[in-house]
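Undergrad: Pasted the sequence and its predicted model underneath.
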Amino acid sequence: MARKAIPARTGQRIIETHTSSILADNPLGDPSERQVHVYLPPQYDNTRYRAKRFPVLFDLVGYTGSGPAHTQWRGFDENVPERLDRLIGAGKMPPCIVVFPDCFTALGGNQYVNSSAIGRYADYLTRELIPFIDHNFRTLASREHRGCFGKSSGGYGAIVHGMKYAKYWGAVASHSGDAYFDFVYQAEWPGVLSALQKFVQPALQDGIKRKVAQQKSPGLDDGRVKRFLDNCWATEKLSGTDITVLMMLCMAATYDPDPRAPNGFRLPYDLVTGERIERRWKNWLKHDPINMVASHKDALKSLKGIYVDCGWQDQYHIHFGSRQLARMLERHHIAHRYEEFDGTHSGVDHRMDVSLPFLAKTLR
């Protein structure tokens, strides 16, 4: 696979360091000082455009990712700045500034919302990074010219920000964003519960077990989750199973935080019997985008543009959630653009060739 030709005029990547007061003393002990990578289009330093201000987009990456990773070299593919250079150079999208925030956490990421168990990452983006970028760069500093986009957890973050934080964003784009939790997350929990058994104390012994009781405090960690987390944080290389377990614990910390609970969050399943705890699961479903549209329809209608897409072979079955989300948007007469394509959850960066021009044209 040949690499695409480099445009004659390319933008530049600026690396800024930002110290957050909002992330200071966050519950996971993650750093409050973060690098923020910023893409400036070729026109930014052109003398013809020295007074020009530009729309700005925020790139919200998926789980286990970080914004700066989207600006790094990629074999047989473009990184996001190279993609922007090509699209802008070919006249397929107007020039814009793109911000790559670092929102990684000790739980492998977050969903770009506020959580007492993880940190106030929605506030970090909207109340700190937006004014920081507007102060340091020639942005069109209003929500009518500002948007966010992302894939997977980042796509979830984008659509939820369009609902809950519409005063900051004029348009959003979600690629394969988490939705329909009954499909997307529920299927992962049996494997997660089995993996956590390794961290039971006293350890499960060989032989026949003849009596089983429910967990004494369903929904609360009996110690195995904490031991799993400590093991992850002390391990140099995590397995695929480790990542899945960590991801689901991150989701629990996002959707059902509780400062009174061990580790700061509650669990939606009995760790011993695997029975779903319905009152806990209801807290998850409150955060499911398909259940949020009705109560946030006015905010969504205020946006200048909404873009949603997903591959119809998504291995996490997110295409079913994307379809339901699109139907909910239609039901409430919310203007949007929805597309499906022949693809999975992986290798879908090429879809930014559609979403980035859509956002830039909408916000210019």
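TA: Good, I have the coordinates.
Undergrad: for stretch 192-206, which positions count as buried?
TA: Across stretch 192-206, burial judged by 16 or more other CB atoms under 10 Å covers Val192, Leu193, Ala195, Leu196, Phe199. C-beta here means a position set from N, CA and C on the backbone, and glycine is covered the same way.
Undergrad: ok, which stretches of the stretch 151-300 of the chain are helices?
TA: Along the stretch 151-300 of the chain, counting by DSSP state H, counting those that start in this stretch, helices occupy 153-164, 181-184, 189-196, 224-234, 240-255, 278-285, 289-292, 297-302.
Undergrad: For the residue lying closest to Thr19 once chain neighbours are set aside, give me the backbone phi and psi.
TA: Nearest residue to Thr19, sequence neighbours excluded (CB to CB, 6 or more residues apart in numbering): Glu33, at 4.7 Å. Backbone torsions of Glu33, given as degrees, to the nearest 10, read phi -100, psi 120.
Undergrad: Over to the one 10 residues further on?
TA: For Gln43, the backbone dihedrals are phi -70, psi -20 (criterion: degrees, to the nearest 10).
Undergrad: Can you pull the domain assignment for this structure?
TA: 12-180+289-363, 183-285 (automatic domain parsing).
Undergrad: ok, back up a step: so which of the helices of the stretch 151-300 of the chain comes closest to Ala69?
TA: helix 153-164 (11.7 Å; CB to CB).
Undergrad: Sketch out the low-pLDDT regions of this structure for me.
TA: Applying pLDDT under 70 to the chain flags residues 1-6, 8.
Undergrad: rewinding a little: highest average neighbour count across the domains of the chain: which stretch is it?
TA: A comparison of the domains of the chain by mean neighbour count, using mean count of other CB atoms under 10 Å, puts domain 12-180+289-363 on top with a mean of 20.
Undergrad: Bridged to Lys151, which residues?
TA: Taking DSSP bridges, one obtains His175 as the residues bridged to Lys151.
Undergrad: show me what contacts it?
TA: Neighbouring residues of Lys151 by CB atoms under 8 Å, 6 or more residues apart in numbering: Val61, Gly62, His175, Ser176, Gly177, Val348, Asp349.
Undergrad: Adding distance to Asp85, write these out as TSV.
TA: Shown next, in TSV, are the contacts of Lys151 (distance: CB to CB, whole Å):
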residue	distance to Asp85
Val61	19
Gly62	23
His175	20
Ser176	24
Gly177	26
Val348	20
Asp349	15
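Undergrad: Return the member of those residues nearest to Phe320.
TA: The closest of the contacts of Lys151 to Phe320 turns out to be Ser176 (CB to CB; 11.7 Å).
Undergrad: The closest one contacts His317, correct?
TA: No - using CB atoms under 8 Å, Ser176 is not in contact with His317, being 10.6 Å away.
Undergrad: show me the contacts for the residue lying closest to His70 once chain neighbours are set aside.
TA: Of all residues not flanking His70 in the chain, Val80 sits nearest, at 4.5 Å (CB to CB, 6+ apart). Val80 sits next to Tyr39, Asp59, His70, Thr71, Val98, Phe100, Asp349, Met352 when contact means CB under 8 Å, 6+ apart.
Undergrad: Tell me which two in the residues you listed are the farthest apart.
TA: Greatest spacing in the contacts of Val80, by CB to CB: Tyr39 and Asp349 (15.0 Å).
Undergrad: Do a quick rundown of the strands in this protein.
TA: With DSSP state E as the criterion, the chain has strands at 12-19, 33-40, 56-60, 97-100, 114-115, 119-120, 146-151, 171-175, 305-311, 337-341.
Undergrad: ok, residues contacting the fourth one?
TA: This means strand 97-100. Residues contacting strand 97-100 (CB under 8 Å, 6+ apart): 36-41, 44, 54-59, 61, 67-68, 70-71, 80-81, 84, 129, 133, 137-139.
Undergrad: residues touching Arg280, list them.
TA: Arg280 is in contact with Gly219, Asp256, Arg266, Leu267, Pro268, counting by CB under 8 Å, 6+ apart.
Undergrad: How much space separates it from Arg13?
TA: Using CB to CB, to the nearest Å, Arg280 is found at 43 Å from Arg13.
Undergrad: So which residues of the stretch 1-150 of the chain form helices?
TA: With DSSP H, counting those that start in this stretch as the criterion, the stretch 1-150 of the chain has helices at 80-89, 121-123, 130-136.
Undergrad: Tell me which of those sits nearest to Val272.
TA: Val272 lies closest, by CB to CB, to one member of the helices of the stretch 1-150 of the chain: helix 121-123, at 32.5 Å.
Undergrad: so which of the helices of the stretch 1-150 of the chain gets nearest Cys250?
TA: Closest approach to Cys250 among the helices of the stretch 1-150 of the chain (CB to CB): helix 121-123, 11.8 Å.
Undergrad: Which elements pack onto the closest one?
TA: Judged by 3 or more CB pairs under 8 Å, 6 or more residues apart in numbering; DSSP states H and E, the packing partners of helix 121-123 are strand 114-115.
Undergrad: Just send the helices of the stretch 151-300 of the chain back as CSV, with distance to Gln313 too.
TA: Listed next are those as CSV, based on distance: least, CB to CB, whole Å:
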stretch, distance to Gln313
helix 153-164, 17
helix 181-184, 14
helix 189-196, 21
helix 224-234, 30
helix 240-255, 19
helix 278-285, 25
helix 289-292, 20
helix 297-302, 28
